[in-house]
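Chemist: Okay, here's the prediction I keep looking at, along with the sequence it came from:
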Number of protein chains: 2
Amino acid sequence: MERIQEEDDLLMYCLYFTASRFARNISKLADDAIDGELAPSYYYLMLVVHFHPGITQKELSERLSLAPSTSTRFLDKLEKLGLIQRDVIGKQSHITLTSSGEEAYTEFRQSLKTLFANYASILGKEESELLSKTLHEANEQLEKK
Amino acid sequence: MERIQEEDDLLMYCLYFTASRFARNISKLADDAIDGELAPSYYYLMLVVHFHPGITQKELSERLSLAPSTSTRFLDKLEKLGLIQRDVIGKQSHITLTSSGEEAYTEFRQSLKTLFANYASILGKEESELLSKTLHEANEQLEKK
DNA sequence: CACTATCATGTGTATATACAACTATTAAGG
DNA sequence: CCTTAATAGTTGTATATACACATGATAGTG
């Protein structure tokens, strides 16, 4: 009894564990709500590019907190699908959405509405917004070092 | 200006995005604090086995919210390292820590203290505990469906 | 102007994790 | 008892993501 309590506490109060598990589970929700071919992360990348046409890959990686190698891989795939365009100038590459990229983005924005509605219906609207904001802020503190 | 605001809102209020990013970043903290060979998840698995010797693989997967195939892979690795033992009875397999598994677990418990202290120093003690608990509860709602 | 340091991106490789399909075992209904 | 259904675990394969290193481009100092 004592033991079980201790175990539960350890699992409940370890942020690494609770955060990873929550992220895994919420990914499934997102996958379901977004009906495109690609994993959700690709659409978030396109979202950032939509708001910053010509953004460099480095800044893109920073905004998404992705390792540079990861953004290279993502962009390779999106480029192959004709959704983004790379313009290499010197050592930097500047990214823009192609017209079909913009289309895909528009569809994604629709899916996002569904997704937000799903969060709200499961966790409550206020609660899910608050949690998301808290995670956002906690992440900033982590990255600040 | 309007646009930038809209972008930030979208990134900040999307639980999928904030949760995944936070999980990625906090994994790095955990990796640093835990000085064993293995990734943090393996130690959490051992923790559960420590408190439930002879647990079936199915229940183990459920407690950790891992897909069965994932637990198979984890156990393969841990078995090869001599840290756990599988006893197959009929269609179920029962898991226990070996003595070196218990040792590894004990070291892990030490590392956990460091890790918790790191969370606390970056996010604040109260705040990190609260966030972890909130994630735990939100996850339960997700799994309840 | 040449040389070196710094920086942006790409490549090789590794890992956690998942799903779908498969195998093997037990349980249930006629 | 036999057949069928359900269940537990495994295997093939795919993907997101990372780190360490390689490569190529720029910038800054002598």
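Modeler: Here it is on my side, so go on.

Chemist: What's the separation between the spatially closest residue to A:Gly54 that is not a sequence neighbour and B:Leu38?
Modeler: Closest residue to A:Gly54 apart from its sequence neighbours, by Cβ to Cβ, 6 or more residues apart in numbering or on different chains: A:His94 at 4.7 Å. To be clear about C-beta, it is placed using only N, CA and C from the backbone, and glycine gets the same treatment. Distance, A:His94 to B:Leu38, by Cβ to Cβ, to the nearest Å: 41 Å.

Chemist: Residue nearest the middle of chain A, spatially speaking?
Modeler: A:Ser41 (4.5 Å; Cα atoms, centre = their mean).

Chemist: Helix or strand: which one has that residue?
Modeler: For A:Ser41, the element it lies in under DSSP states H and E is helix A:40-51.

Chemist: Please apply the same query to A:Ser93.
Modeler: With DSSP H and E as the test, A:Ser93 turns up in strand A:92-97.

Chemist: so where do the helices sit in chain A?
Modeler: A:2-12, A:15-33, A:40-51, A:57-64, A:68-80, A:99-123, A:125-143 (DSSP state H).

Chemist: Same list, those, but as JSON lines with distance to chain B and mean pLDDT please.
Modeler: Listed next are these as JSON lines, based on distance: least, Cβ to the nearest Cβ, whole Å; pLDDT from 0 to 100:
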{"stretch": "helix A:2-12", "distance to chain B": "4", "mean pLDDT": "74"}
{"stretch": "helix A:15-33", "distance to chain B": "4", "mean pLDDT": "95"}
{"stretch": "helix A:40-51", "distance to chain B": "4", "mean pLDDT": "96"}
{"stretch": "helix A:57-64", "distance to chain B": "7", "mean pLDDT": "96"}
{"stretch": "helix A:68-80", "distance to chain B": "10", "mean pLDDT": "96"}
{"stretch": "helix A:99-123", "distance to chain B": "5", "mean pLDDT": "94"}
{"stretch": "helix A:125-143", "distance to chain B": "4", "mean pLDDT": "94"}
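
Chemist: Dump those to TSV, plus distance to DNA strand C.
Modeler: Listed next are these as TSV, based on distance: least, Cβ to the nearest atom of the strand, whole Å:
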stretch	distance to DNA strand C
helix A:2-12	14
helix A:15-33	4
helix A:40-51	12
helix A:57-64	3
helix A:68-80	3
helix A:99-123	16
helix A:125-143	16
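
Chemist: Output the ones you listed in TSV, with distance to B:Arg73 appended to each entry.
Modeler: Formatted as TSV, the helices of chain A follow (distance: least, Cβ to Cβ, whole Å):
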stretch	distance to B:Arg73
helix A:2-12	21
helix A:15-33	15
helix A:40-51	23
helix A:57-64	28
helix A:68-80	22
helix A:99-123	29
helix A:125-143	28
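
Chemist: closest one to B:Ala67 among those?
Modeler: Smallest distance to B:Ala67 across the helices of chain A (Cβ to Cβ): 9.1 Å, for helix A:15-33.

Chemist: Just give me the neighbour total for the residue of chain A found nearest DNA strand D.
Modeler: In chain A, the residue that lies nearest DNA strand D is A:Gly90 (2.2 Å; Cβ to the nearest atom of the strand). Residues near A:Gly90, counting by other Cβ atoms under 10 Å in any protein chain shown, number 5.

Chemist: Surely A:Asp35 is in contact with A:Phe108?
Modeler: No - with contact defined as Cβ atoms under 8 Å, A:Asp35 does not reach A:Phe108; the gap is 9.5 Å.

Chemist: Would you mind listing what in chain A touches DNA strand D?
Modeler: Within chain A, the positions lying close to DNA strand D (Cβ under 7 Å from any atom of the strand) are A:38-39, A:41-42, A:65-67, A:69-70, A:73-74, A:77, A:89-91.

Chemist: what about 10 Å?
Modeler: Counting by Cβ under 10 Å from any atom of the strand, chain A comes close to DNA strand D at A:23, A:27, A:31, A:37-42, A:44-45, A:61, A:64-74, A:76-77, A:88-92.

Chemist: follow-up on the earlier one: so who does the residue nearest to the centre of chain A touch?
Modeler: A:64, A:74, B:20 (Cβ atoms under 8 Å, 6 or more residues apart in numbering or on different chains).

Chemist: which one of those is nearest A:Leu15?
Modeler: Nearest to A:Leu15 among the contacts of A:Ser41, with distances taken as Cβ to Cβ, is B:Ser20, at 14.5 Å.

Chemist: For A:Tyr44, see how far away that closest one is.
Modeler: 9 Å.

Chemist: buried sites along stretch A:71-84?
Modeler: A:71, A:74-75, A:78, A:83-84 (16 or more other Cβ atoms under 10 Å in any protein chain shown).
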